[in-house]
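S.K.: Fold the following for me, if possible:
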Amino acid sequence: MKNAQITRQLFFFFRLFRPLVAGVLLAVVALPIGAVELKTSDGSWTFSLNGNVNVHYVFSSCQSVGSSATVDGGLTCVGTVSGSSVSNIGNGLLPAAFSFGVATTQDGYDLAAHLGLYPGIAANDSGSPNIGPLVNPRNTALSTTGLDIRQVYMTFGNKAMGTVTLGRNIGLFGADVILNDMTLPGVGAPGSAASAAPANTTLGGIGFGYIYTDWLAQIDYTTPDIQGFSVTGGVFDPINSLSAAGTVQPKKAPGFHAKASDTIALAGGSKLYLSVAFLTQQQYFAAGGTSYDYTGTGVDLFAKFDMQDLELIGYYYHGDGLGTTALFLRDAVNVGTSLGQTRTSDGFFAQATYKLGQLKVGVNYGESKLDLATGEVNADLVAKNKKFTGGLYFSLTKNLTLLGEFSNVKSDAQGGGSNSANTVNVGAFLGF
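M.R.: Residues are numbered from 1 along each chain as shown. So this is what the prediction gives:
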């Protein structure tokens, strides 16, 4: 039923644009990034399509159940009474993607719109990679996968005035690090792939050195590019916290985020990219007949150095009331007697990759740390999640990459207990 509804919606979309599509040339042009571009006969509109399909075999050796510690918020898999090994075939950090775009220039303004469809291959009947209406239990016969529509936005502007973005798109805080994580086409930390109910995506480095940037409904303005320097700032739809006690209340103001970035050309063709991003949003709750609120804030610093075939990345973030894995998802505040008392988190991520012809070799390491709230006692709460990954990425063709990774993850509790696990994955990533 869901697939039929989606088909009808797409059919309506193409009928709406039928007058324009009728004039599309038959010629297909391959862009440098691998996208497909089509133009109307008069050249006024450009239609584009890009995306990927990726599939991996993931094997995890989890912490044995007999020796495991309780780590609330830990991201390390723990075995069961039946054993500690888990196998899965699914998507990696990315689901599959099919992103459609339309663009034109009118009266001196560049106009564009984008729609991103992100299907997975996990048998979970979910409209999202991780959260949604799921078959219970998941991964059974007669299940199906879901379609995640996480991206739909428009832009307008020009080189003189800058660009305005309106719609649902990737956030600013934490975006640079995940988009440059070498495990983006791979797996990294397995997440639910090391369980009996795999979702459509793995964790990669999420929660291990950076917080997930997420896809947010937003209105932003980006300044014109000035010799590689630009600033973006705007508001986003305030998202609810799943980490606090009580009933979520409507928000009195949107969330605010901003980002400044600069690309610096160096001698010998090398370059240095730097960015800093900021996010803040207030949360409101009602508990026991009273109301309370708290503010979540975060700031991050990102640097990438490119010198011929060598690439080095460094990243650091600091948050208050954000949590350690996703924005406001969990462990952001103390849910005990002190309602709204925020916890501080911070983390770092480092990566080095080197290209040897068609082969890219890379290693990365990340840590995410969480502090107890003032006066809080919680021995089982996570204190640190950390991960090391080594990977090999072989470009069989310009668009097809074969890859293999090894990851070691460890979760430490505030009271000293810890769990560790290893994951090996092999797979293929086809980008177009």
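
S.K.: hey, let's count contacts and neighbours off CA atoms from now on
M.R.: Will do.

S.K.: wait, doesn't N425 sit right on V58?
M.R.: Yes. Counting by Cα atoms under 8 Å, N425 does reach V58; the two are 4.4 Å apart.

S.K.: what do these two both touch?
M.R.: With contacts defined as Cα atoms under 8 Å, 6 or more residues apart in numbering, the residues shared by N425 and V58 are V187.

S.K.: got the contact list for the closest residue to L147 other than its chain neighbours?
M.R.: Nearest residue to L147, sequence neighbours excluded (Cα to Cα, 6 or more residues apart in numbering): P119, at 4.5 Å. Contacts for P119 (Cα under 8 Å, 6+ apart) come out as P95, A96, A97, T145, G146, L147, D148.

S.K.: Pick the one among these closest to D225.
M.R.: Distances from D225 to these, taken as Cα to Cα, are shortest for A97 (28.6 Å).

S.K.: Dump the contacts of P119 to a markdown table, plus secondary structure and neighbour count.
M.R.: Shown next, in a markdown table, are these (DSSP: H, G, I helix; E, B strand; the rest coil; neighbours: other Cα atoms under 10 Å):
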| residue | secondary structure | neighbour count |
| --- | --- | --- |
| P95 | coil | 28 |
| A96 | coil | 24 |
| A97 | strand | 21 |
| T145 | coil | 21 |
| G146 | coil | 24 |
| L147 | strand | 22 |
| D148 | strand | 21 |
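
S.K.: any chance you could map the strands in the stretch 201-350 of the chain?
M.R.: 215-222, 229-236, 247-248, 255-265, 271-287, 290-307, 310-320, 333-334, 341-342, 344-356 (DSSP state E, counting those that start in this stretch).

S.K.: I figured R168 hits V235, correct?
M.R.: No. Assessed by Cα under 8 Å, R168 is found out of contact with V235, at 11.6 Å.

S.K.: Quickly list what's touching both of those two.
M.R.: Q218.

S.K.: which residues touch the closest residue to Y284 other than its chain neighbours?
M.R.: Closest residue in space to Y284, ignoring its immediate chain neighbours: D293 at 4.4 Å, by Cα to Cα, 6+ apart. By Cα under 8 Å, 6+ apart, D293 lies in contact with Q282, Q283, Y284, F285, G340.

S.K.: And N425, by the same measure?
M.R.: Applying Cα under 8 Å, 6+ apart to N425 gives the contacts H56, Y57, V58, F59, V187, G404, E405, F406.

S.K.: So for whichever helix or strand it is part of, what gets flagged as buried?
M.R.: Assessed by DSSP states H and E, N425 sits inside strand 418-431. Neighbour-count burial for strand 418-431 flags 418-431 (criterion: 16 or more other Cα atoms under 10 Å).

S.K.: what does the model give N136 for pLDDT?
M.R.: For N136, the pLDDT comes out at 55.

S.K.: whoops, I mixed them up, F11
M.R.: Reported pLDDT for F11: 33.

S.K.: And for L93?
M.R.: 96.

S.K.: Look up phi and psi at the residue nearest to it when sequence neighbours are not counted.
M.R.: Spatially, and ignoring its direct neighbours in sequence, L93 is nearest to T202 (4.6 Å; Cα to Cα, 6+ apart). T202 has phi and psi values of phi -100, psi -170 when expressed as degrees, to the nearest 10.

S.K.: Do I have it right that T202 meets P185?
M.R.: No. With contacts counted by Cα under 8 Å, T202 stays clear of P185, the gap being 10.8 Å.

S.K.: returning to that earlier point: tell me the spacing between the residue nearest to L147 and D148.
M.R.: 6 Å (Cα to Cα, to the nearest Å).

S.K.: quick one, what contacts K259?
M.R.: Per Cα under 8 Å, 6+ apart, neighbours of K259: L172, F173, V231, T232, G233, S275, V276, A277, F278.
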